[in-house]
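Peer 1: structural data only, the sequence is not supplied:
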């Protein structure tokens with residue numbers, strides 16, 4: 001059976017926004033077997049189900065009328081070939097802890113992804129990324145529990161449809177797949193990835209540990225600690241726009257930062273757009289745009305979901321009116337049935 005079951009559970013401590021909402025029931029699972037039992041339990045068959053890892057990318061807009069499953073499946077195994085280290089990781093492992101551990105074990109590669117909150121299971125769903133590196137760069141496969149087939153399926157990375165903060169788990173397999181493990185391959189022929197922002201100052205001789213420390217320092221200085229100030233990290237995706245729109249904006253704002261995103265496309269930092277729109281510190285009730293990093297929306301004390309979503313919509317409308325760019329949430333915004341609450 002699941003490790004524990006709680007009815008009418010307050011979810012505030014299970015998602016980093018810390019908004020006080022409840023679920024009909026909450027269970028903790030630590031194995032594929034206990035996860036399977038949740039889906040096979042006749043009393044829970046008709047309930048909507050939501051699997052949560054660290055809750056670092058969620059915003060509940062209302063009480064969840066279903067079963068929340070906390071994924072705590074732990075496993076770390078390593079094998080190697082002449083060219084790479086292969087990691088098999090349980091979905092309930094903490095992502096940052098895995099990054100630090102891999103470096104301690106002499107297996108570099110993930111250092112640019114340090115201090116990203118959440119669990120391993122969430123990593124392929126979002127295709128997490130930072131400082132020029134994405135999970136897709138190292139992923140070999142994802143093991144998931146197929147809710148329709150009632151068994152574990154291994155999906156090769158090539159079939160995961162990874163994109164910018166996107167994957168098949170947010171598309172065709174949404175609601176059907178529960179990630180239980182992830183396989184990564186870290187090349188032994190390591191080279192630093194220093195193309196983004198302050199990391200370029202480290203120089204090509206920088207060691208993996210130095211990059212790790214720099215990333216931790218940068219992220220800590222920009223992003224508020226959810227233990228102190230409720231938030232879900234970057235609330236919006238960095239928009240990818242066509243070159244024509246970018247050139248039009250650049251004529252009025254020549255200082256706009258950008259990165260090539262593909263043929264005829266440029267990626268623009270959403271935080272810069274929000275900041276330049278004068279929204280740092282803007283507040284709706286206890287929800288606010290963070291004063292240090294405009295990409296982050298925070299719960300200053302007892303913000304309601306309505307206050308946060310009202311704030312988010314104001315940010316979207318203001319940026320669109322100023323630049324003609326419509327921001328999209330990176331955070332999963334959920335209604336009472338687990339559907340899109342945005």
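Peer 2: Thanks, I have the structure now. All values derive from a computational prediction rather than experimental measurement.

Peer 1: and the nearest residue to residue 127 once chain neighbours are set aside, how close does it get to residue 50?
Peer 2: In space, and not counting its chain neighbours, residue 127 is closest to residue 162: 4.7 Å by C-beta to C-beta, 6 or more residues apart in numbering. Quick note: C-beta positions are derived from backbone N, CA and C, even for glycine. Going from residue 162 to residue 50 by C-beta to C-beta, to the nearest Å gives 23 Å.

Peer 1: cool, residue 245 as well?
Peer 2: Residue 245 is 36 Å from residue 50, by C-beta to C-beta.

Peer 1: of the two, which one has the most company?
Peer 2: residue 50 (21 against 16; other C-beta atoms under 10 Å).

Peer 1: just say helix, strand or coil for that one.
Peer 2: Put simply, residue 50 is strand when judged by DSSP: H, G, I helix; E, B strand; the rest coil.

Peer 1: can you read off the pLDDT for the residue located most distally from the centre of the chain?
Peer 2: Outermost residue of the chain with respect to the C-alpha centroid, by C-alpha atoms, centre = their mean, is residue 251; its distance is 33.3 Å. The confidence metric pLDDT takes the value 94 at residue 251.

Peer 1: just the element for it, please.
Peer 2: helix 243-252 (DSSP states H and E).

Peer 1: tell me which residues are up against that helix.
Peer 2: 256, 258, 264, 265, 266, 268, 323, 324, 325 (C-beta atoms under 8 Å, 6 or more residues apart in numbering).

Peer 1: of these, closest to residue 136?
Peer 2: residue 265 (17.9 Å; C-beta to C-beta).

Peer 1: show me what the closest one is bridged to.
Peer 2: residue 242, residue 262 (DSSP bridges).

Peer 1: what's near enough to touch it?
Peer 2: 240, 241, 242, 243.

Peer 1: would a markdown table of the residues you listed with distance to residue 338 be doable?
Peer 2: Output for the contacts of residue 265, formatted as a markdown table (distance: C-beta to C-beta, whole Å):
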| residue | distance to residue 338 |
| --- | --- |
| 240 | 28 |
| 241 | 31 |
| 242 | 34 |
| 243 | 38 |
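
Peer 1: which one of these is nearest residue 60?
Peer 2: residue 240 (28.0 Å).

Peer 1: which pLDDT value goes with that closest one?
Peer 2: For residue 240, pLDDT reads 94.

Peer 1: hey, which helix or strand in this protein has the poorest pLDDT?
Peer 2: strand 259-262 (a mean of 86; mean pLDDT, DSSP states H and E).

Peer 1: tell me the buried residues in that strand?
Peer 2: residue 261 (16 or more other C-beta atoms under 10 Å).

Peer 1: then stretch 129-138?
Peer 2: Quick answer for stretch 129-138 (16+ other C-beta under 10 Å): 129, 130, 131, 133, 134, 135, 136, 137, 138.

Peer 1: isn't the third one up against residue 214?
Peer 2: No: at 9.2 Å, residue 131 does not count as touching residue 214 under the criterion of C-beta atoms under 8 Å.

Peer 1: list residues touching both of the two?
Peer 2: Common neighbours of residue 131 and residue 214 (C-beta under 8 Å, 6+ apart) are residue 199.

Peer 1: what packs against the longest helix seen in the chain?
Peer 2: If you go by DSSP state H, the chain has its longest helix at helix 305-323. The elements that helix 305-323 packs onto, with contact taken as 3 or more C-beta pairs under 8 Å, 6 or more residues apart in numbering; DSSP states H and E, are strand 58-60, helix 270-276, strand 283-284, strand 287-289, strand 296-299.

Peer 1: residue 182: which of these is closest?
Peer 2: Nearest of the helices and strands packed on helix 305-323 (C-beta to C-beta): strand 58-60, 19.4 Å.

Peer 1: tell me who's in contact with residue 136.
Peer 2: Per C-beta under 8 Å, 6+ apart, neighbours of residue 136: 127, 129, 157, 160, 162.

Peer 1: that one and residue 207, how far apart?
Peer 2: 24 Å.

Peer 1: do residue 75 as well
Peer 2: 28 Å.
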